[in-house]
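S.K.: Provide a 3D model corresponding to the input given below.
(one chain, ligands or ions: 1)
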Amino acid sequence: MLKKKIIVLGVTGGIAVYKVADLASKLTQSGADVHVVMTKSATEFVTPTTFEALTGNTVVTEMFGPRASHDIAHIKLADAADLMVIAPATANIIAKFATGIADDMLTSVVLATRAPVIVCPAMHHNMYTNPATVENLETLKKRGFTIIPAAHGRLASGALGYGRLPDTAIMMGTIEMTLGQNGDFKGKKIVVTAGGTQEAIDPVRFISNRSSGKMGYAVAEAARDRGAQVTLITAPTALPDPVGVNIVKIKSVVQLRDEVVKATQKADVLVMSAAGADFIPKNTAAQKIKKSDAGLALELVKAPDILSEIKDGKFIKVGFKAETQNLVDNAREKLYKTNLDLIVANDVTKEGSGFGTDTNEVTIISKDGKPEALPLMTKREVADQILDRVVKLLK
Ligand SMILES: Cc1cc2nc3c(=O)[nH]c(=O)nc-3n(C[C@H](O)[C@H](O)[C@H](O)COP(=O)(O)O)c2cc1C
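M.R.: Presented below is the predicted three-dimensional model:
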């Protein structure tokens with residue numbers, strides 16, 4: 001998504017400048033061509049050398065001075081940018097953007113560009129909540145700037161409050177989402193499920209499975225970055241909440257079923273990557289079951305079969321099948337039985353595939369029953385492969 005995108009990163013004079021070196025590095029590692037423009041104050045905190053080394057591009061700090069060509073640098077940068085991100089954004093630069101001041105390179109580029117601009121404020125709590133800053137941010141929002149709200153926590157002054165620079169992951173997610181907002185899923189509503197459900201035995205114990213949720217989260221993020229409106233229904237996972245996605249947290253397979261039925265009423269696509277329980281305890285004890293020499297026999301009953309319950313829904317349905325044997329035959333049977341449009345089958349015993357890994361080796365089977373074996377790739381790449389097929393079905 002970020003490959004070959006030209007990103008102009010505006011860096012201003014706040015204490016959080018050092019954290020933005022990480023953002024510059026991550027953007028560059030993702031394949032973006034990052035051009036940093038620093039205000040004079042920003043160079044008091046970190047030298048341009050840091051950003052030049054991280055991005056491989058010359059950092060611009062001056063409006064005037066010797067030039068390599070007759071290009072007008074601020075217009076050239078403004079025109080070339082696919083996206084601008086200002087991090088950290090000081091109270092001062094926010095005020096300048098709001099009033100249209102163009103007295104240095106960064107303010108001039110922002111005024112001249114027609115690319116989307118993301119502003120990441122970072123400052124002391126009192127500056128952030130000052131009505132001047134609040135109103136300036138409102139003005140920018142009305143003009144179409146994206147503002148990532150400052151986070152809460154310990155500030156450089158030692159005080160607690162709102163004013164921290166948003167985490168790099170949140171800035172990265174917002175950048176990817178903004179770049180993809182006019183993608184091939186624009187206007188489409190997609191419901192994605194993720195994670196392994198937890199079925200309570202008593203108030204402290206549950207039965208679950210090894211699903212990490214990584215595949216579902218990758219599908220949710222990939223769909224978001226192609227312009228979809230995404231609802232992610234997720235069982236408990238160790239993963240951070242993706243930005244720009246409507247998140248519904250569930251625990252049990254019954255809750256998963258209820259939320260899927262609700263969310264798919266208005267959906268165009270459902271991708272069922274959650275590992276819902278197949279068997280659930282017949283009864284859940286109200287109190288913690290005591291340890292006993294006699295052991296414990298649990299009676300399990302069949303869990304609701306979500307895909308069967310929604311098999312007549314008028315939306316594209318994508319299922320997953322994790323198997324340890326007879327992969328393709330079992331997956332094909334599920335595809336037809338539950339009226340799926342696609343099924344993604346993976347042999348969880350394979351190296352680098354299945355639960356918890358960042359990669360997956362899958363076989364995709366469509367309604368014609370023909371299996372398409374894909375090589376080992378990242379879960380994000382698998383997600384895009386699935387969405388490439390879904391977008392064709394939507395047409
Ligand atoms: C040590 C130090 C830390 C500062 N941290 C911040 C900050 O986090 N946020 C902010 O808005 N201003 C901060 N300032 C004030 C700005 O540097 C000042 O308003 C400056 O004029 C901003 O210039 P610029 O917006 O052109 O980069 C800080 C100043 C100093 C000396």
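
S.K.: go ahead and confirm residue 169 touches residue 239.
M.R.: No - between residue 169 and residue 239 there is no contact under C-beta atoms under 8 Å: 10.5 Å. Glycine gets a C-beta too; all of them are placed from N, C-alpha and C.

S.K.: not counting the helix or strand containing residue 86 itself, show me its contacts.
M.R.: Per DSSP states H and E, residue 86 falls inside strand 83-89. Applying C-beta atoms under 8 Å, 6 or more residues apart in numbering, the external contacts of strand 83-89 come out as 5-12, 14-17, 19-20, 23, 93, 97, 106, 109-110, 113, 115-123, 165, 171, 175, 178-179.

S.K.: and with 7 Å instead?
M.R.: Applying C-beta atoms under 7 Å, 6 or more residues apart in numbering, the external contacts of strand 83-89 come out as 5, 7-12, 14, 16-17, 20, 23, 93, 110, 113, 115-122, 165, 171, 175, 178-179.

S.K.: ok, and which of the residues you listed reach the ligand?
M.R.: 12, 14, 16, 93, 122 (C-beta under 6 Å from any ligand atom).

S.K.: and this structure, what are its domains?
M.R.: 6-179, 189-394 (automatic domain parsing).

S.K.: what does the chain put close to the ligand?
M.R.: Residues of the chain lying near the ligand (C-beta under 6 Å from any ligand atom): 12-16, 39, 41-42, 90-93, 122-123, 127.

S.K.: so which of those residues belong to helices?
M.R.: 42, 91-93, 127 (DSSP state H).

S.K.: how about the domains of the chain in CSV, adding mean neighbour count and mean pLDDT?
M.R.: Below are those laid out as CSV (neighbours: other C-beta atoms under 10 Å; pLDDT from 0 to 100):
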stretch, mean neighbour count, mean pLDDT
domain 6-179, 19, 94
domain 189-394, 18, 94
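
S.K.: let me see the ranges of the helices in the stretch 51-200 of the chain.
M.R.: Secondary structure of the stretch 51-200 of the chain by DSSP state H, counting those that start in this stretch: the helices cover 73-80, 91-99, 105-112, 125-129, 131-142, 168-179.

S.K.: try the stretch 201-350 of the chain
M.R.: 214-224, 253-263, 306-309, 327-337.

S.K.: could those helices go into JSON lines alongside distance to residue 298?
M.R.: Output for the helices of the stretch 201-350 of the chain, formatted as JSON lines (distance: least, C-beta to C-beta, whole Å):
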{"stretch": "helix 214-224", "distance to residue 298": "27"}
{"stretch": "helix 253-263", "distance to residue 298": "16"}
{"stretch": "helix 306-309", "distance to residue 298": "22"}
{"stretch": "helix 327-337", "distance to residue 298": "26"}
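
S.K.: out of those, nearest to residue 375?
M.R.: helix 327-337 (15.4 Å; C-beta to C-beta).

S.K.: so residue 390 sits against residue 317, correct?
M.R.: No - counting by C-beta atoms under 7 Å, residue 390 does not reach residue 317; the two are 9.9 Å apart.

S.K.: where's residue 201 relative to residue 129, distance?
M.R.: According to C-beta to C-beta, to the nearest Å, residue 201 and residue 129 sit 47 Å apart.

S.K.: contacts only, for the residue of the stretch 201-350 of the chain found nearest the ligand.
M.R.: The ligand sits closest to residue 243 of the stretch 201-350 of the chain, with a gap of 22.3 Å, by C-beta to the nearest ligand atom. When contacts are counted by C-beta under 7 Å, 6+ apart, residue 243 touches 170, 173-174, 177.

S.K.: ok, so of these, who is nearest the ligand?
M.R.: Taking the contacts of residue 243 together and measuring to the ligand by C-beta to the nearest ligand atom, the closest member is residue 170, at 17.4 Å.

S.K.: quick check: closest non-adjacent residue to that closest one.
M.R.: For residue 170, ignoring the flanking residues on the chain, the nearest one in space by C-beta to C-beta, 6 or more residues apart in numbering is residue 243 at 5.4 Å.

S.K.: tell me which residues touch the residue of the stretch 251-395 of the chain found nearest the ligand, please.
M.R.: Distance from the ligand to each residue of the stretch 251-395 of the chain (C-beta to the nearest ligand atom) is smallest for residue 380, at 33.2 Å. Residues counted as contacts of residue 380 (C-beta under 7 Å, 6+ apart) are 218, 222.

S.K.: quick check: it is in a helix.
M.R.: Yes - under DSSP: H, G, I helix; E, B strand; the rest coil, residue 380 sits within a helix.

S.K.: from residue 329, how far out is it?
M.R.: For residue 380, the distance to residue 329 - C-beta to C-beta - is 28 Å.

S.K.: what of residue 57?
M.R.: Going from residue 57 to residue 329 by C-beta to C-beta gives 53 Å.

S.K.: now swap in residue 221 and tell me
M.R.: For residue 221 relative to residue 329 (C-beta to C-beta), the value is 32 Å.

S.K.: among the ones next to the ligand among the contacts of strand 83-89, which pair sits farthest apart?
M.R.: Once C-beta to C-beta is applied, these give 16 and 93 as the farthest pair, at 12.8 Å.

S.K.: next, the contact list for the residue of the stretch 101-250 of the chain found nearest the ligand, please.
M.R.: Nearest residue of the stretch 101-250 of the chain to the ligand, counting by C-beta to the nearest ligand atom: residue 123, 3.4 Å away. For residue 123, the contact set (C-beta under 7 Å, 6+ apart) comprises 14, 90-91, 163.

S.K.: equivalent analysis for residue 289, please.
M.R.: With C-beta under 7 Å, 6+ apart, residue 289 has these contacts: 202, 296.
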